[in-house]
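Asks: quick one, fold the following:
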Amino acid sequence: MAATTNDKFTGSATQAENPSAATRSVGVIGNRVDSRELLSTEREIIIAHGDENYRLRLTSQNKLILTK
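Replies: Now for the predicted structure:
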């Protein structure tokens with residue numbers, strides 16, 4: 001996910017200030033995405049769906065939790 005100044009996901013942070021906000025690509029095979037690629041080095045990502053934001057978190061027990 002690319003972040004820009006005043007982005008609704010990162011506030012006023014820019015890519016230079018927040019290296020984890022750098023643009024990256026994720027491979028999709030059919031309708032399947034590997035969660036390791038999505039989360040990469042993070043334990044949590046924000047998924048924008050329409051006007052709503054969802055939080056996908058990786059737990060200490062290696063489970064995924066999606067919350068609104």
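Asks: all the strands of this protein, residue numbers only.
Replies: 28-29, 32-33, 44-49, 52-58, 64-67 (DSSP state E).
Asks: among the ones you listed, which is nearest Ala22?
Replies: strand 44-49 (13.1 Å; C-beta to C-beta). Every C-beta, even on glycine, is put in place using the N, C-alpha and C of the backbone.
Asks: quick check: buried residues in that closest one?
Replies: The neighbour-count check on strand 44-49 (16 or more other C-beta atoms under 10 Å) flags Ile45 as buried.
Asks: quick one: list the elements packing against that strand.
Replies: strand 52-58 (3 or more C-beta pairs under 8 Å, 6 or more residues apart in numbering; DSSP states H and E).
Asks: the strand it packs on pairs with which strands?
Replies: strand 44-49 (antiparallel), strand 64-67 (antiparallel) (DSSP bridges).
Asks: is it possible to get CSV of the ones you listed that adds mean pLDDT?
Replies: As requested, the strands paired with strand 52-58 are exported to CSV (pLDDT from 0 to 100):
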stretch, mean pLDDT
strand 44-49, 94
strand 64-67, 97
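Asks: out of those, nearest to Leu38?
Replies: strand 44-49 (6.1 Å).
Asks: show me the contact partners of stretch 47-61.
Replies: Defining contact as C-beta atoms under 8 Å, 6 or more residues apart in numbering, one finds that stretch 47-61 is touched by 1, 8-9, 35, 38-39, 43-46, 64-68.
Asks: looking at these, which has the most residues close by?
Replies: Comparing these by number of neighbours (other C-beta atoms under 10 Å), Ile45 comes first, having 17 neighbours.
Asks: from Lys68, how far out is the closest residue to that one other than its chain neighbours?
Replies: Leaving aside its chain neighbours, Ile45 sits nearest to Leu56 (5.2 Å; criterion: C-beta to C-beta, 6 or more residues apart in numbering). Computed as C-beta to C-beta, to the nearest Å, the Leu56 to Lys68 distance reads 11 Å.
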